[in-house]
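Engineer: I'd like to go over a predicted model; first the sequence, then the structure.
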Amino acid sequence: MAKTVDQYFDALQQTRVWRSVFRSGTGSSTLKRALAIQQNVFLHLFSTKVRTRMLSFSATWYLGTLTLGTFLILVATGIPLMLYYHPSVPQAYADTKDLQFVVSSGLFLRNLHRWSAHAMVFLVFAHMFKVFYRGAYRAPREFNWVMGVVLLLITLLLSYTGYLLPWDQLAYWAITVGSNIASAVPLVGEKIHFLLLGGNAVNANALLRFYVLHCMILPLTAIFFVAIHFWRIRKDGGLYAHFSEPSVLRIQGAKPSTSRKTSETWGTPSPVALASGKEAK
Amino acid sequence: MADSKDFIAGVDSNAKKSPRRIVFVTRRTSAQVKAETEDQMQTFPEALFRAAVAIMTLAVVLIWTALLFNAPLEGLADPSHTPNPAKAPWYFLGLQELLHYFPPVVAGVLIPGLVVMALIVIPYFKVNIEADGLFQKDREKRLRIFYIVAGALSLFLLVYKSHLYNYVLGIKGDAEPLYAGLVPSLIVAGLMTLASRSSSQSPSPLRRYLAGRPLSYWVMTWFLFELVVLTVIGTFFRGPGWSWVWPWQGS
């Protein structure tokens, strides 16, 4: 009898090579599924379980997930774009033209990179406002909110530095207008402007600086902060579950603790809760 | 108020496992208190599968966008030829619109700096943790403060760069009243006034909703409203010399 695909996959998972790569082993038990997250260097940033309620679309609109999605698309399209691009004047513009008209799928790559970048900026803002209106910045998630603001600024800088790279009129004057704002900073404005551009005006030095920032420094910084951002979701108790919060229950006119739920709700307070309760007085 | 206790008491019932202890949670806003246990799912595969579907849906949308619409590419950069208007990327056009009204040090440095600072410190101020409706406590006092702040802000936005302002200060040139700032402010102030006249017993769901909104909600909503309005104006309604154009007029 011919084996099914599943059986081949099961057999594959039993091989020594597979077992040497994936530490958690095979199986669909709850333990194995938890280990699949916990024993993986990337996935262990996340918790092994999620509240069912938080997986519904209305809870988060998946805005954080979608932002990660745009970032992945931007990395995947950005790397091949780098292969066809020289950060020099005026070669940068010729390379962009080549991407449009010569390179196979170059136009598609550039389009996808550009629209994904706009989508990412929009999604980061949307994510921030959604988190705010859900009240998900509240303790103990304060620091993760701050990480989010840092990631917002990194996203804006990533998009802004990428804007110059085609070296066309649109890019050149947008960066000129934007960088002139830096000059308005009291006392050190001109110095910041010079540092950013590597000169007094947008020129070849500025293009090289923006290229290095856009392709090296800012993506690595973003990955660093994204890792902290994800890890803190787990450490801070998972996705913020809005309607179980006492403050929200009170707003809705419900009693936060009924006699039946008392032991469940208030059974094991952390020392932090006790401390913060005292402070609030 | 009948429910005037400012704490909730709870007792750990399992005395065998842990010593009996009593918890006082004052103000009922601490998020560290363990919520009641509820249904959970394994991250693998349920949550990861949903995330993958979400990302793939997004990818399909973006790929279709990339196939149908080309990214803009203009002529070679030419420092000697300034386009009119020269616009920043869209997410900075709110700022560029502000630069039209205020000196660069205010619109380009002070306001964005304050916005970023304000965003960072949101979770560290108790006023932003409060989940009570703004006008539910200290109604009279809060109403007075609200009227003074909203009045002063509206007056400033009405007068700044208006004909009167230019006349009094002897400024030559066209008046540029800050309607982009004034109109959203008035709308939000109107909604706040409505909220102050509503309560959790109001018949309409909208008024019940508004009555329960805390101060942080109003400030953020005003900020979001202004951000959207200024960005849309900067993107679609500004032409040569940053003059007002209608989107259908072209350039």
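Structural biologist: Happy to help now that I have it.
Engineer: If you rank every helix and strand of chain B by mean pLDDT, what lands last?
Structural biologist: strand B:7-11 (a mean of 62; mean pLDDT, DSSP states H and E).
Engineer: could you point out where chain A is predicted with low confidence?
Structural biologist: A:1, A:25, A:242-281 (pLDDT under 70).
Engineer: go again using 50 as the cut-off
Structural biologist: Scanning chain A with the threshold set as pLDDT under 50 gives A:244-281.
Engineer: Next: chain B.
Structural biologist: Where chain B drops to pLDDT under 50, the residues are B:1.
Engineer: name the element A:Y211 belongs to?
Structural biologist: Using DSSP states H and E, A:Y211 maps to helix A:204-212.
Engineer: Beyond whichever strand or helix holds A:V121, next helix or strand please.
Structural biologist: Per DSSP H and E: A:V121 is located in helix A:106-134. Using DSSP H and E, the helix or strand that directly follows helix A:106-134 along the chain is helix A:142-164.
Engineer: Next secondary structure element downstream of that next one?
Structural biologist: Next along from helix A:142-164, by DSSP H and E: helix A:169-182.
Engineer: got the residues of the stretch 101-250 of chain B near chain A?
Structural biologist: Within the stretch 101-250 of chain B, the positions near chain A by Cβ under 8 Å from any Cβ of the partner chain are B:103-105, B:108-109, B:116, B:119-120, B:122-124, B:126, B:128-129, B:131-133, B:200, B:212, B:217, B:220, B:224. For glycine as for every other residue, the C-beta is placed from the backbone atoms N, C-alpha and C.
Engineer: where do the helices sit along the stretch 51-200 of chain B?
Structural biologist: B:93-101, B:104, B:111-121, B:126-129, B:139-159, B:163-169, B:179-196 (DSSP state H, counting those that start in this stretch).
Engineer: Would you mind saying which of these lies nearest B:P205?
Structural biologist: Across the helices of the stretch 51-200 of chain B, the minimum distance to B:P205, taken as Cβ to Cβ, is reached by helix B:179-196, at 13.1 Å.
Engineer: For the closest one, buried residues please.
Structural biologist: For helix B:179-196, the buried set under the neighbour-count rule, 16 or more other Cβ atoms under 10 Å in any protein chain shown, comprises B:180-182, B:184-186, B:188-189, B:191-193, B:195-196.
Engineer: repeat for stretch B:138-150
Structural biologist: B:143, B:146, B:150.
Engineer: For it, what is the distance to the chain centroid?
Structural biologist: 21 Å (Cα atoms, centre = their mean, to the nearest Å).
Engineer: Please apply the same query to stretch A:95-113.
Structural biologist: Distance of stretch A:95-113 from the chain centroid (Cα atoms, centre = their mean) equals 26 Å.
Engineer: Skipping adjacent residues, who's closest to B:P79 in space?
Structural biologist: Leaving out its chain neighbours, the residue that sits closest to B:P79 by Cβ to Cβ, 6 or more residues apart in numbering or on different chains is A:A201, at 6.7 Å.
Engineer: next one: A:T70
Structural biologist: Closest residue to A:T70 apart from its sequence neighbours, by Cβ to Cβ, 6+ apart: A:M120 at 3.9 Å.
Engineer: Show residues contacting stretch A:38-52.
Structural biologist: Residues external to stretch A:38-52 that are found in contact with it (Cβ atoms under 8 Å, 6 or more residues apart in numbering or on different chains): A:22-24, A:33-34, A:36-37, A:227, A:230-231, A:233-234, A:238-239, A:241, B:38-44, B:46-48.
Engineer: er, stretch A:89-103 I mean
Structural biologist: Contacts for stretch A:89-103 (Cβ under 8 Å, 6+ apart): A:81, A:84-86, A:106-107, A:109-110, A:165-168, A:203-204, A:207, B:70, B:73, B:76-77.
Engineer: Which parts of the helix or strand hosting A:A94 count as buried, going by neighbours?
Structural biologist: In this assignment (DSSP H and E), A:A94 forms part of helix A:91-101. Under the neighbour-count criterion of 16+ other Cβ under 10 Å, helix A:91-101 has A:92-93, A:95-96, A:99-100 buried.
Engineer: same question, stretch B:202-213
Structural biologist: Under the neighbour-count criterion of 16+ other Cβ under 10 Å, stretch B:202-213 has B:202, B:207-208, B:210-213 buried.
Engineer: and what of stretch B:117-125?
Structural biologist: B:119, B:122-123.
Engineer: same thing with stretch A:76-96?
Structural biologist: Buried-residue list, stretch A:76-96, by 16+ other Cβ under 10 Å: A:77-78, A:81, A:85, A:87, A:89, A:92-93, A:95-96.
Engineer: Which single one of the residues you listed is nearest to chain B?
Structural biologist: Minimum separation from chain B among those (Cβ to the nearest Cβ) is found for A:Y93, which lies at 4.9 Å.
Engineer: give me every residue that touches the closest residue to A:D168 other than its chain neighbours.
Structural biologist: Residue nearest to A:D168 in three dimensions, not counting chain neighbours: B:E74, with 4.4 Å by Cβ to Cβ, 6+ apart. By Cβ under 8 Å, 6+ apart, B:E74 lies in contact with A:168-170.
Engineer: With distance to A:A139 as extra columns, can I get the residues you listed in TSV?
Structural biologist: Formatted as TSV, those follow (distance: Cβ to Cβ, whole Å):
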residue	distance to A:A139
A:D168	48
A:Q169	49
A:L170	44
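Engineer: of all these, which comes closest to A:S29?
Structural biologist: Using Cβ to Cβ, the contacts of B:E74 come closest to A:S29 at A:L170, 56.1 Å.
Engineer: Relative to B:L182, how far out is the closest residue to the closest one other than its chain neighbours?
Structural biologist: Distances taken as Cβ to Cβ, 6+ apart place B:E74 nearest to A:L170, at 4.8 Å, with adjacent residues excluded. Per Cβ to Cβ, to the nearest Å, B:E74 is found 35 Å from B:L182.
Engineer: Likewise for A:N144?
Structural biologist: A:N144 is 36 Å from B:L182, by Cβ to Cβ.
Engineer: ok, now A:R209?
Structural biologist: 40 Å.
Engineer: what's the answer for A:A206, then?
Structural biologist: Taking Cβ to Cβ, one finds A:A206 at 38 Å from B:L182.
Engineer: same thing with B:A131?
Structural biologist: 30 Å.
Engineer: Please apply the same query to A:R232.
Structural biologist: Separation of A:R232 from B:L182 (Cβ to Cβ): 40 Å.
Engineer: now do A:L152
Structural biologist: For A:L152, the distance to B:L182 (Cβ to Cβ) stands at 27 Å.
Engineer: Now B:L48: closest residue in space, sequence neighbours ignored.
Structural biologist: Here the residue nearest B:L48, using Cβ to Cβ, 6+ apart, is A:L43, at 7.7 Å.
Engineer: Now the one you found, what are its backbone angles?
Structural biologist: The phi/psi pair for A:L43 (degrees, to the nearest 10) reads phi -70, psi -20.
Engineer: and it, how many neighbours?
Structural biologist: A:L43: 15 surrounding residues under other Cβ atoms under 10 Å in any protein chain shown.
Engineer: contacting residues for B:L95?
Structural biologist: A:181, B:88, B:107-108, B:111-112.
Engineer: Likewise for A:Y160?
Structural biologist: A:175, A:178, B:89, B:92.
Engineer: count of residues packed around A:Q7?
Structural biologist: A:Q7 has 11 neighbours, counted by other Cβ under 10 Å.
Engineer: Sticking with it, tell me its helix or strand.
Structural biologist: helix A:5-14.
Engineer: what's next to that helix, contact-wise?
Structural biologist: A:3, A:18-19, A:22, A:26.
Engineer: Now the phi/psi pair for the residue nearest to A:W173 when sequence neighbours are not counted, please.
Structural biologist: Closest residue in space to A:W173, ignoring its immediate chain neighbours: B:A86 at 4.0 Å, by Cβ to Cβ, 6+ apart. With angles defined as degrees, to the nearest 10, B:A86 sits at phi -90, psi 110.
Engineer: so B:A86 touches A:S179, yeah?
Structural biologist: No: using Cβ atoms under 8 Å, B:A86 makes no contact with A:S179, being 11.9 Å away.
Engineer: Between those two, which is the more surrounded one?
Structural biologist: Between B:A86 and A:S179, counted using other Cβ under 10 Å, the more crowded position is A:S179 (20 against 17).
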